[in-house]
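**Q** A structural model of the following input is requested.
(chains A and B)
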Protein chains: 2
Amino acid sequence: APDADNELFQPLCPPENFALVTPGVYRSGFPRKKNFRFLKHIKLRSILTLILEDYPEPNLRFMEENNIQLLQFGVPGNKEPFVDIPEPKMALALAALLDRRNHPVLIHCNKGKHRTGCLVGLLRRYLRWSHTSICREYRLYSAPKERAMDQQFIELFDMGRIRPLVDPRWL
Amino acid sequence: APDADNELFQPLCPPENFALVTPGVYRSGFPRKKNFRFLKHIKLRSILTLILEDYPEPNLRFMEENNIQLLQFGVPGNKEPFVDIPEPKMALALAALLDRRNHPVLIHCNKGKHRTGCLVGLLRRYLRWSHTSICREYRLYSAPKERAMDQQFIELFDMGRIRPLVDPRWL
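**A** Next up is the predicted model:
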């Protein structure tokens, strides 16, 4: 099939703000149709989304065809002065992220900046990165829209929430 | 030993501009003493440096103690209008990077921006990323000092140089 052959030579397009976080964990903005061929290449087992909305039909179909499970932990982003990211939901998301049976996993929200940046920051805290290194990474992916509230969320999050949720055998 | 116990609770400091590139490949600025404990954690097999200078004694000692091999492909950075990164040396560096027997490998130069950004860009071209995605990543790590010459180096590099250097069994 000449079309299929042709497709092999098309460049691959990772989603907006795509990066590796740690072996088995990726991050990005919302994956769109033009990113599906790339996502197939990295052989995901799960997609962990932080959006509140229903997941779009074309994405669900792509995931079903490629045996990728959807893990949805919908949260609102931090918005001064009235909306806070809910800690309990983010603790559940972090526990799912730490569970290696879900790897390789792609974390995403809409832009891959704020909610994704907060969850990655919690993962870094769990991995005992210094706060300076965590914030440098948070700002790299959220610039020029860094939120002080997000960095404070990462710093003040109660890691005690995680212990009862995580089975050490899965790490 | 209470001191050793204490050290376990110190936060980990990744080197400046540290990130994962692809499974088995990391990038950063020059690793310093305060980053060694972090580097031990990621269990490197090699460090691929693009600096021209002799490698510092404390770094060599750390590498010997942890069985990490040094791969040095010293190149000058692109500097308008007279200095160009030499293609043949970068082709050798890319071939060493593609050889999985060297993984996990950390690529670095001084700041982890320009020479490292060029080598990562070549790796992305080899992985068939679109030029837009390659440049977005290059700029993310080199901002606010992006060089048009570096992005052009990535675009114009002759990938034909790589084929004779790479043994497909190692990929």
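
**Q** can you give me the strands for chain A?
**A** A:19-22, A:25-28, A:46-49, A:69-72, A:105-108 (DSSP state E).

**Q** adjacent strands (with direction) for the third one?
**A** As defined by DSSP bridges, the strand partners of strand A:46-49 come to strand A:69-72 (parallel), strand A:105-108 (parallel).

**Q** same list, those, but as CSV with distance to residue B:170, mean neighbour count and mean pLDDT please.
**A** From N, CA and C alone the C-beta is placed, and that goes for glycine too. CSV is the format used below for those (distance: least, Cβ to Cβ, whole Å; neighbours: other Cβ atoms under 10 Å in any protein chain shown; pLDDT from 0 to 100):
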stretch, distance to residue B:170, mean neighbour count, mean pLDDT
strand A:69-72, 33, 14, 98
strand A:105-108, 28, 24, 98
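
**Q** return the distance of residue A:21 relative to residue A:129.
**A** Using Cβ to Cβ, to the nearest Å, residue A:21 is found at 11 Å from residue A:129.

**Q** can you pull the contacts of the residue most central in space within chain A?
**A** Residue closest to the mean C-alpha point of chain A, counted by Cα atoms, centre = their mean, is residue A:107 at 1.6 Å. Residues near residue A:107 by Cβ atoms under 8 Å, 6 or more residues apart in numbering or on different chains: A:21, A:25-28, A:48-50, A:97, A:116, A:119-120.

**Q** residue ranges with poor pLDDT in chain A?
**A** By pLDDT under 70, the weakly predicted segments of chain A are A:1-8.

**Q** residue numbers of chain A in contact with chain B?
**A** For chain A, the residues in contact with chain B (Cβ under 8 Å from any Cβ of the partner chain) are A:11-14, A:18-23, A:127-133, A:137, A:140.

**Q** among these, name the buried ones.
**A** Burial by neighbour count, 16 or more other Cβ atoms under 10 Å in any protein chain shown: within these this picks out A:11-14, A:18-21, A:127, A:129-130, A:133, A:137, A:140.

**Q** tally of neighbours for residue A:30?
**A** 17 (other Cβ atoms under 10 Å in any protein chain shown).

**Q** test my guess that it contacts residue A:113.
**A** No. Between residue A:30 and residue A:113 there is no contact under Cβ atoms under 8 Å: 11.3 Å.

**Q** and residue A:92, what does it touch?
**A** Contact analysis of residue A:92 by Cβ under 8 Å, 6+ apart lists A:73, A:165.

**Q** how far away is it from chain B?
**A** 25 Å (Cβ to the nearest Cβ, to the nearest Å).

**Q** skipping its backbone neighbours, what lies nearest residue A:84 in space?
**A** Nearest residue to residue A:84, sequence neighbours excluded (Cβ to Cβ, 6 or more residues apart in numbering or on different chains): residue A:78, at 6.1 Å.

**Q** contacting residues for that neighbour?
**A** The contact partners of residue A:78, taken as Cβ under 8 Å, 6+ apart, are A:84-85, A:114, A:118, A:147, A:149-150, A:153.

**Q** then residue A:18?
**A** Residue A:18 is in contact with A:26-29, A:112, B:133, counting by Cβ under 8 Å, 6+ apart.

**Q** I'd like those residues as a markdown table, with distance to residue B:58 appended.
**A** Formatted as a markdown table, the contacts of residue A:18 follow (distance: Cβ to Cβ, whole Å):
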| residue | distance to residue B:58 |
| --- | --- |
| A:26 | 34 |
| A:27 | 33 |
| A:28 | 37 |
| A:29 | 40 |
| A:112 | 37 |
| B:133 | 37 |
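
**Q** ok, of those residues, which one's closest to residue A:67?
**A** Among those, residue A:26 lies closest to residue A:67 (Cβ to Cβ), at 16.7 Å.
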